[in-house]
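Engineer: Give me a model of this one.
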Amino acid sequence: MTAIEKGRDVLIIRGADAGKKASVEEILNSFTVRIKLGTGKSRNINIRHIEPLS
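Structural biologist: Numbering: from 1, shown residues only. Down below sits the predicted model:
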């Protein structure tokens, strides 16, 4: 079981959206996932820039 999986809530720790919560929509490859922010916007982000929430 990986820490980053579809539907998992995450915290963005780097970039313009740092400190915001989001959820993982899709795993694109081993480095990139598509997230959905609380505002409804979707974007691609490197997995090094997010941290899973429990």
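
Engineer: Are we agreed that E26 is in a strand?
Structural biologist: Yes. Judged by DSSP: H, G, I helix; E, B strand; the rest coil, E26 forms part of a strand.

Engineer: and it, bridged to which residues?
Structural biologist: R34 (DSSP bridges).

Engineer: wait, it sits on E5?
Structural biologist: No. Assessed by Cβ atoms under 8 Å, E26 is found out of contact with E5, at 10.6 Å. All C-beta spots, glycine's among them, are computed from the backbone N, C-alpha and C.

Engineer: what does stretch 41-54 rub up against?
Structural biologist: Residues outside stretch 41-54 that contact it (Cβ atoms under 8 Å, 6 or more residues apart in numbering) are 3-4, 8-15, 21-22, 25, 28, 31-37.

Engineer: Could you do stretch 15-27 as well?
Structural biologist: In this structure, residues lying in contact with stretch 15-27 by Cβ under 8 Å, 6+ apart are 4-13, 33-38, 42, 45, 49-50, 53.

Engineer: Now it - C-alpha only, PDB.
Structural biologist: C-alpha atoms of stretch 15-27 as PDB (Å, rounded to 0.1, in the frame of the first residue of the first chain):
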ATOM      1  CA  GLY A  15       4.500  26.300  -4.100                       C
ATOM      2  CA  ALA A  16       1.800  28.900  -4.400                       C
ATOM      3  CA  ASP A  17      -0.800  26.700  -2.700                       C
ATOM      4  CA  ALA A  18       1.400  25.700   0.200                       C
ATOM      5  CA  GLY A  19      -0.600  25.100   3.400                       C
ATOM      6  CA  LYS A  20      -3.900  24.200   1.500                       C
ATOM      7  CA  LYS A  21      -5.600  20.800   1.700                       C
ATOM      8  CA  ALA A  22      -6.500  18.800  -1.400                       C
ATOM      9  CA  SER A  23      -7.400  15.300  -2.400                       C
ATOM     10  CA  VAL A  24      -5.800  13.100  -5.000                       C
ATOM     11  CA  GLU A  25      -7.900  12.500  -8.100                       C
ATOM     12  CA  GLU A  26      -5.500  10.500 -10.200                       C
ATOM     13  CA  ILE A  27      -2.000   9.100 -10.200                       C
END
